[in-house]
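Trainee: kindly return the folded structure for what I paste below:
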Amino acid sequence: MTASARMTASARMSAAARPAVTPVAAPPAGPAPAPTPVEAWLAVAVLALPVALVVAADRLLVGWSLRDSGRLDAPALAPLLGVGLVLLTRRRLPGLRTRFDVRVNLRVVRRGLALLLMVIASMVVWNQLCLMFGWLPAPRIDLAAGLPFPARIAAYVPLAVAQELAWRGIVRPTLGAVHGWFLGSLGTGLVWGVLSGPTWRFGVTYGLLTVAATIGWSVMIGTLVEEMRHGQLVVASLFQWGLLVALYLLLPEESGVVKAAWVLALTAAIGGAATGWAYVRSRRARGMSPYGRVRPGQP
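Mentor: Residues are numbered from 1 along each chain as shown. Prediction:
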């Protein structure tokens, strides 16, 4: 055996004698850290900025919007600008959470129909009370004014989706991740009401009552979509669509009747309180956090 062969054999024996080194597995990736309230509200503020600018322009520049006394106007579409800005800057928004799932199954259909029935019930009660006390003119009769009625209710579909991409697609999951389902729904209703175009067209009192109504509606939506794995956006859009149609039929924008707004806010608040109370009891009975907030030390 030559010297080089002996060296090669010796090296092989030395390598075989060394213990095998087991690669260390990387630790499993844990869940993303919960956002802080500041991070969550910063994401909401980024969404709100372009919407607020459009609403302010509509308020100050009379005749600038595409208004036709039927809620087909620029501020109604403005939430899409906010959604676009948030998605463009999402890497700089650690508090951002989104829910854009649009899968449809039987449960989604049932929840959507339930929310539509809530809209119908609350609007019928509100309208009858207003007519009983003479607080509102008779409901709109000329359904063909402006756009034909079938075309109008069809146009409300993408309008409702545009609204819900912002309110239930971004704002609600972002705030809910920090504050839980209940306070997240309240905050979503607040942002929704403040940034809605018709809110401030008839003065501060009318605007505050509209905000109270959107908070009640937001809680109603939150109770039905909180535990849904799929289709939250579909269900919320159905509610928004039914609301737009009902408000067009029962509350002409040009009326601006404050007394009618009081009744509208009251019925929405009662609906939100009733559904919220029932859902809190249901969560408590199942051993869940009633308001969706995780206490320190809980998983």
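Trainee: what's the neighbour count on residue 88?
Mentor: 10 (other Cβ atoms under 10 Å). Glycine gets a C-beta too; all of them are placed from N, C-alpha and C.
Trainee: what's the pLDDT at it?
Mentor: Per-residue confidence (pLDDT) for residue 88: 95.
Trainee: likewise residue 65?
Mentor: 43.
Trainee: with residue 201 instead?
Mentor: Reading off the confidence values, residue 201 has pLDDT 74.
Trainee: now the residue most central in space within the chain: how far from residue 217?
Mentor: Most central in the chain under Cα atoms, centre = their mean is residue 168, positioned 1.5 Å from the mean C-alpha point. From residue 168 across to residue 217, the span is 11 Å (Cβ to Cβ, to the nearest Å).
Trainee: grab the nearest non-local neighbour of residue 125.
Mentor: residue 267 (5.5 Å; Cβ to Cβ, 6 or more residues apart in numbering).
Trainee: what is the rounded mean pLDDT of the strand or helix carrying that neighbour?
Mentor: Using DSSP states H and E, the element containing residue 267 is helix 258-285. The average pLDDT within helix 258-285 is 89.
Trainee: buried set for that helix?
Mentor: Neighbour counts over helix 258-285 (16 or more other Cβ atoms under 10 Å) mark 260-269, 271-272, 275-276, 279-280, 283 as buried.
Trainee: and stretch 37-57, by the same measure?
Mentor: Residues of stretch 37-57 classed as buried: 39-44, 46-48, 50-52, 54-55 (neighbour count, 16+ other Cβ under 10 Å).
Trainee: try stretch 99-108
Mentor: 99, 108.
Trainee: what lies in contact with that stretch?
Mentor: Residues outside stretch 99-108 that contact it (Cβ atoms under 8 Å, 6 or more residues apart in numbering) are 165, 168-169, 172-173, 228-235.
Trainee: out of those, who has the most neighbours?
Mentor: residue 172 (31 neighbours).
Trainee: let me know the pLDDT of that residue.
Mentor: Model confidence at residue 172 (pLDDT) stands at 95.
Trainee: going along the chain, name the helices of the stretch 151-299 of the chain.
Mentor: 172-194, 204-225, 232-250, 258-285 (DSSP state H, counting those that start in this stretch).
Trainee: which residues are contacting stretch 229-247?
Mentor: Stretch 229-247 is contacted from outside by 71, 99-105, 107-108, 111-113, 115-116, 118-120, 123, 153, 156-157, 159-161, 163-165, 167-169, 217, 220-221, 224-225, 228, using Cβ under 8 Å, 6+ apart.
Trainee: the same query, at a cut-off of 6 Å, please.
Mentor: For stretch 229-247, contacts defined as Cβ atoms under 6 Å, 6 or more residues apart in numbering pick out 71, 99, 101-104, 108, 111-112, 115-116, 119, 123, 153, 156-157, 160-161, 163-164, 168-169, 221, 225.
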